[in-house]
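>>> any chance you can model this:
(one chain, ligands or ions: 1)
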Amino acid sequence: MHALNVVWLRNDLRCYDNAALSSAVEDASKSGAAVMALYIATPKTWQLHDMAAIKQDLIRRRVLQLQQEMAALNIPLLAVEGSSYQQVDVVFTALCRQFQLKVFVQTEYELREQQRDAAIEQLVLANMGQFIRFDTQCLMPPGTVRTQQGDYYKVFTPFKRSWLAQLQQQGVRCCARPAMLPASNLQWTQQVMTDLPAMKEADNSSQQWPVAETQVLQLMRNFCRDKVADYQQLRDYPAIDGTSKLSAYLAIGVVSAAQCVARLQLEAADSWLQEKSGAAVWLSELIWREFYKHILVAYPNLIKHQPFQEDTAAIRWRNDTTLFNAWCQGQTGFPIVDAAMRQLNQTGWMHNRLRMISASFLVKDLHIDWRWGERYFMSKLIDGDFAANNGGWQWAASTGTDAAPYFRIFNPVSQSEKFDPKGDFIRYYLPELAALQGKLLHWPHTTGGIKAYCKPVVDHAVARKLTLALFAEVKQKN
Ligand code: FAD
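Predicted coordinates for the structure are as follows:
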């Protein structure tokens, strides 16, 4: 039987700094095995994950592009349409029948993905193959940053301190892109067959987002070179293009966290560890990304959408569907919230400050279960990522790891005045308010309102009191 090294790609859709790919190639150079990459699109499972159509499209476009990038290395990428995870089994059964397999994968932390991998590992082992995991979604894999007692951290700040100390000790290493294989590798492995059809074409709804690896790496490098110094000053203003917009690429692994940190270190060597510098604050955001992944691994109940603070499971959310629909459609009468939701609905991305404001508003002004919002965001975001989204929602809902108390409640109008001071962002997404100036833009209801714009669906001061009561009820019981 011919030996075949299969790089099974999932959230690591890249050639550079791809440990699974590099190892498969290196192993083949010693063993003489052929090398092939594999991607299995699973739209039914994507649906179970509420994956946004725009994210699905980004993945399809990226996989098709990666096929070309890998072909330049003489590595074929077999991209098939598998519907759900059950059909992943079909592919590996077919491959095991034909070859002596070594499967190289990047670890995934979500429940269904862990179960899928465990089943495929069993199948491969039962056929005398090997299943080799690489824990490379984070620069510091879950389990490697722990308290002195050996526990996972529950709070971000000490986690970050420990993470940074570890970084200084071990540094950052990225794998090079693997060397080109002989042309015979491409010809030979192109004959590999499975019973599944080729992956469907993309519909190009994510067209605004480039997918070539070199372009994405260039975006990352440009950000670290030209913009990161101002990140601390600009990152909270949605009208300004002050953040990296790399989240969609980090979510599907076109770029790795290690690559971002390595480049940051290079471009901002003098400032990246100086607290409050743009570079250090950006690094902090990358550490948040890792923190939420560590938390997800440490607390498997999170994957079942359980609150991190268990007592908050008893909160009696009001869950009014009319209010929920108004929020989804950007029709709450609170301009900054509506502009934020329209940005999400129209572009598939939302600025971080707005994610915080709109999430807080859903939970603490409309008293709707954070899980409804979590799910809606997931169904729309191009960068939808379970750990970051769940972490962000639980942070906003005061059910998560946030050290701040539940009675810190965002006032959507003062947030609007502070973070969209000239109203440029609101004007862009709410053309019906474009003629207003000053405070009126943030709260257009003082003079009887604007005909073309909806009335506020709640009174913030009243809603705030109810939130405090809802939380006090469950906190007092404990
Ligand atoms: P930058 O500001 O340039 O940050 C760099 C990178 O750090 C981001 O690309 C992202 O990977 C990571 N990052 C930044 N902030 C956070 C954070 N608070 N938590 C975790 N990682 C962070 N981020 C997602 O990637 N996917 C999500 O599904 C997601 N859902 C969110 C839901 C809510 C309610 C909130 C409050 C935040 C959510 N975030 C999510 C985090 C954050 O809003 C986005 O990562 C950020 O807006 C992406 O823009 P950027 O790439 O320009 O970020």
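
>>> give me the neighbour count for the spatially closest residue to Gln65 that is not a sequence neighbour.
Residue nearest to Gln65 in three dimensions, not counting chain neighbours: Val211, with 4.7 Å by CB to CB, 6 or more residues apart in numbering. Where C-beta positions appear, they are placed from N, C-alpha and C, glycine not excepted. When neighbours are defined as other CB atoms under 10 Å, Val211 has 24 of them.

>>> wait, doesn't Val211 sit right on Arg61?
Yes. With contact defined as CB atoms under 8 Å, Val211 counts as touching Arg61 (4.7 Å).

>>> which bits of the protein sit near the ligand?
Residues of the chain that fall close to the ligand, judged by CB under 6 Å from any ligand atom: 235, 243-247, 250-251, 285-286, 288-289, 292, 352, 355-356, 359, 377, 381, 383-385, 388-389, 391-393, 396.

>>> try it again with 5 Å
243-247, 250, 285-286, 288-289, 352, 355-356, 359, 381, 383-385, 388-389, 392-393 (CB under 5 Å from any ligand atom).

>>> would you mind measuring from the residue in the stretch 251-400 of the chain positioned nearest to the ligand to Ser271?
Nearest to the ligand in the stretch 251-400 of the chain, going by CB to the nearest ligand atom, is Gly392, at a distance of 2.4 Å. Distance, Gly392 to Ser271, using CB to CB, to the nearest Å: 27 Å.

>>> can you check Lys439 too?
37 Å.

>>> strands along this structure, start to end?
For the chain, the strands defined by DSSP state E occupy 2-8, 34-41, 77-81, 99-106, 130-134.

>>> just to revisit the earlier point, who has more neighbours out of Gly392 and Ser271?
Gly392 (22 against 16).

>>> next, count neighbours for the closest residue to that one other than its chain neighbours.
Nearest non-adjacent residue to Gly392, counting by CB to CB, 6+ apart: Arg355, 6.0 Å away. Arg355: 22 surrounding residues under other CB under 10 Å.

>>> please apply the same query to Gln122.
11.

>>> any idea how far Phe104 is from it?
17 Å.

>>> start and end of stretch 64-84, how far apart?
Length of stretch 64-84, first residue to last, CA to CA, to the nearest Å: 20 Å.

>>> quick one: that stretch to chain centroid distance?
In terms of CA atoms, centre = their mean, to the nearest Å, the gap separating the centre of stretch 64-84 from the centre of its chain is 23 Å.

>>> I'd say Met341 and Ser358 touch.
Yes. If you go by CB under 8 Å, Met341 and Ser358 touch, sitting 6.0 Å apart.

>>> what is in contact with the two at once?
Trp327 (CB atoms under 8 Å, 6 or more residues apart in numbering).

>>> those two: who's more crowded?
Ser358 (30 against 26).

>>> residues contacting that one?
Contacts of Ser358 (CB under 8 Å, 6+ apart): Trp327, Val337, Ala340, Met341, Leu344, Met350, Gly373.

>>> Serialize these to CSV and add fields for pLDDT.
Formatted as CSV, the contacts of Ser358 follow (pLDDT from 0 to 100):
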residue, pLDDT
Trp327, 98
Val337, 98
Ala340, 98
Met341, 98
Leu344, 98
Met350, 98
Gly373, 98
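
>>> wait, which of those is closest to Cys138?
Among the contacts of Ser358, Met350 lies closest to Cys138 (CB to CB), at 23.4 Å.

>>> measure that closest one to Leu139 for me?
In terms of CB to CB, Met350 sits 25 Å off from Leu139.

>>> grab the nearest non-local neighbour of the residue nearest to the spatial centre of the chain.
Nearest to the mean C-alpha position of the chain, by CA atoms, centre = their mean, lies Asp385 at 3.1 Å. Spatial nearest neighbour of Asp385, chain neighbours left out: Ala251 (4.5 Å); criterion: CB to CB, 6+ apart.
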